[in-house]
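>>> predicted model and sequence follow; I will ask about them next.
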Amino acid sequence: MHHMIEAEGLTKNYGSVTAVNGVSLNVAEGELFGLLGPNGSGKTTMIRMLTGQVRPTSGSARVMGLDVVENPIRIREVVGIIPEQETPPSFLTAEEYLRFVARIRNLDGIDERCERWFDLLEFPDKRDVLCKDLSRGTRQKLMFAQAFLHEPRLVLIDEPLINLDPIMQRKVKDFLRGYVRDGGTVFLSTHILGIAEEICDRIGIIHNGRLLYTGPVDDLTGSGRHLESFFLDLVRGDAGG
Ligand SMILES: Nc1ncnc2c1ncn2[C@@H]1O[C@H](COP(=O)(O)OP(=O)(O)O)[C@@H](O)[C@H]1O
Ligand SMILES: [Mg+2]
């Protein structure tokens with residue numbers, strides 16, 4: 001079986017802090033995988049290693065068949081990335097930013113692509129507004145648009161629904177489900193259990209940098225067990241042991 005993401009013993013130390021500790025996992029094509037964990041558990045570091053932004057201390061990973069240490073730039077070209085808490089440049093308008101990204105990625109049909117994303121995420125009225133004057137929610141929409149602009153087969157999203165109002169959250173969840181239904185693959189991180197329960201096919205639970213569990217969401221919810229209690233038991237057991 002061909003996997004979009006394959007990580008083997010992935011580890012990252014920052015000085016004496018082990019942010020990610022020997023994580024092995026695979027994500028199949030067409031899967032919506034959610035990495036769940038409390039703040040500081042290693043989710044962002046994991047995504048940064050998988051997108052060639054941070055070099056692993058040890059272990060290895062391949063993303064769309066590309067080694068993260070050997071091909072970090074190529075990986076960033078082919079996947080879509082929405083980093084945590086990142087915003088578009090303050091001095092560009094929303095449309096200028098999208099055009100800028102489209103040009104870097106050598107895309108054709110830039111007008112149509114921009115049009116499509118402003119319409120899809122419902123902010124055509126904001127296209128000429130400087131990014132510094134956009135609301136946090138609209139900036140996050142713009143970050144979604146840049147990640148999907150080149151129609152990547154894999155998107156990695158760090159805390160996707162932060163800053164979005166409930167209506168937009170609904171749209172983003174539906175959009176992501178539609179994207180995987182059409183064959184796309186999503187790796188997202190979240191500390192919000194409800195998101196994972198609602199939209200993920202499979203989850204991984206990370207705590208103190210260690211992956212404590214991976215499995216289909218259905219295994220938990222289908223068995224009548226609430227994901228929240230499952231998560232808390234795992235994390236408490238880990239802290240105590
Ligand atoms: N650049 C860095 N330098 C030093 N420590 C870091 C750095 N990035 C993350 N850490 C530490 O690594 C751990 C995991 O952080 P992070 O991956 O951001 O977790 P999460 O995204 O789950 O909140 C935390 O203890 C954090 O303080
Ligand atoms: Mg984080």
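On my side now, so go ahead. Ligands and ions are numbered 1, 2, ... in the order given.
>>> use CA for all of it now, contacts and neighbours both
OK.
>>> up against ligand 1, what does the chain have?
Counting by CA under 6 Å from any ligand atom, the chain comes close to ligand 1 at 14, 19, 38-45.
>>> type out the ChimeraX command that picks the buried ones from the residues you listed.
To isolate the buried subset of the residues of the chain next to ligand 1 in ChimeraX, counting by 16 or more other CA atoms under 10 Å, use the following:
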select :19,38,41,42,43,44,45
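>>> for the residue most central in space within the chain, what are its contacts?
A centroid search over the chain (CA atoms, centre = their mean) returns residue 157, at 1.6 Å, as the residue closest to the centre. Going by CA atoms under 8 Å, 6 or more residues apart in numbering, residue 157 touches 47, 81-84, 186-189.
>>> one more time with 7 Å
Taking CA atoms under 7 Å, 6 or more residues apart in numbering, we find residue 157 in contact with 81-83, 187-189.
>>> coming back round to it: now for the residues of the chain next to ligand 1: which two are most distant?
Spatially, the most separated pair among the residues of the chain next to ligand 1 is 14 and 38, at 18.7 Å (CA to CA).
>>> so which residues of this structure form strands?
3-14, 17-28, 32-36, 58-63, 66-67, 80-82, 154-158, 185-190, 202-207, 210-216 (DSSP state E).
>>> starting at the chain centroid, how far to the first one?
Translated: strand 3-14. In terms of CA atoms, centre = their mean, to the nearest Å, the centre of strand 3-14 is set 15 Å apart from its chain centre.
>>> what comes up buried for it?
Here strand 3-14 shows 4-7, 9-12 as buried, counting by 16+ other CA under 10 Å.
>>> which other residues reach that strand?
18-29, 56-65.
>>> mind listing the residues bridging to the residue nearest to the centre of the chain?
Taking DSSP bridges, one finds residue 82, residue 188 as the beta-bridge partners of residue 157.
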